[in-house]
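# please work out how this folds:
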Amino acid sequence: MVLGNSRQPRAVSMASNRAIYSIALIACLVFVTGMLLVPGAAVASGQNGKFCSRTATMAFSACGSEIRDDYAIAMAICLNVSDDDDREECTSDAKEEYQEATARCRVQLDGRRDLCEAIGEDRYDPDFDPALFDTNFTNPPHLNSHYPVRIGNHWEFEGAGEHIVVEVLNETKLIEGVTCVVVNDVV
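Below you'll find the predicted structure:
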């Protein structure tokens, strides 16, 4: 699954773009197969290593590093704005985005910790075999009822001042040896 934005608001940060691509890749690996958290997929650790919680903490640290980098770049851009009022607005916007991104990192950490409680602390190391993935996207045999990725599906969402259109296209892309259906997501 690939996420292709034909239009994207200027305010979307580079971190958001990377997150969107990551989500699209994960969606391909998870939703196309319907194999999310298959029993026995985790490799038993043989100890209480809290691998899931430690992974969540590491991802939170990476999220923080990414938003600090984005903030530094935004502030560097603001330094070069000539007009005092525009520079002040730029700085204010950068600080606001930093605070919002920090809050998003915290929400992600909380969600990951909740997932760890639900699935346990063992390592998640599924057998990744491209042959296990569906390739029929018109009538997938393992369709996920929560996210039915079938060619021709189309959703529209409204909220928070945004209009979002999601469409499953009759196109595929090869990712890590897996044929994935392309999803166009336009905000």
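# next secondary structure after the lengthiest helix in the chain?
Across the chain, the helix with the greatest residue count (assigned by DSSP state H) is helix 84-119. On the C-terminal side of helix 84-119, the nearest following helix or strand under DSSP states H and E is strand 123-124.
# how about whichever helix or strand residue 183 is part of: buried residues?
Secondary structure from DSSP H and E places residue 183 in strand 178-186. Within strand 178-186, the residues that qualify as buried by neighbour count (16 or more other C-beta atoms under 10 Å) are 178, 180-185. The C-beta positions use only the backbone N, C-alpha and C, and glycine is treated the same way.
# one step back: can you mark which positions in the longest helix of the chain are buried?
Applying a neighbour-count criterion of 16+ other C-beta under 10 Å, one finds 90-91, 94, 97-98, 101, 105, 109, 112, 116 buried in helix 84-119.
# and the furthest pair within these?
Using C-beta to C-beta, the pair of the buried residues of helix 84-119 lying farthest apart is 90 and 116, separated by 38.9 Å.
# residues of stretch 65-83 that come out buried?
Neighbour-count burial for stretch 65-83, with 16+ other C-beta under 10 Å as criterion, is recorded at 66-67, 70-71, 74, 78.
# of these, closest to residue 130?
For those, the nearest to residue 130 is residue 66 (29.5 Å; C-beta to C-beta).
# which SS class is that closest one?
Classification of residue 66 by DSSP: H, G, I helix; E, B strand; the rest coil places it in helix.
# and the lowest mean pLDDT element among the helices and strands of the protein?
In the chain, the helix or strand scored least confidently by mean pLDDT, DSSP states H and E is strand 42-43, which has a mean of 39.
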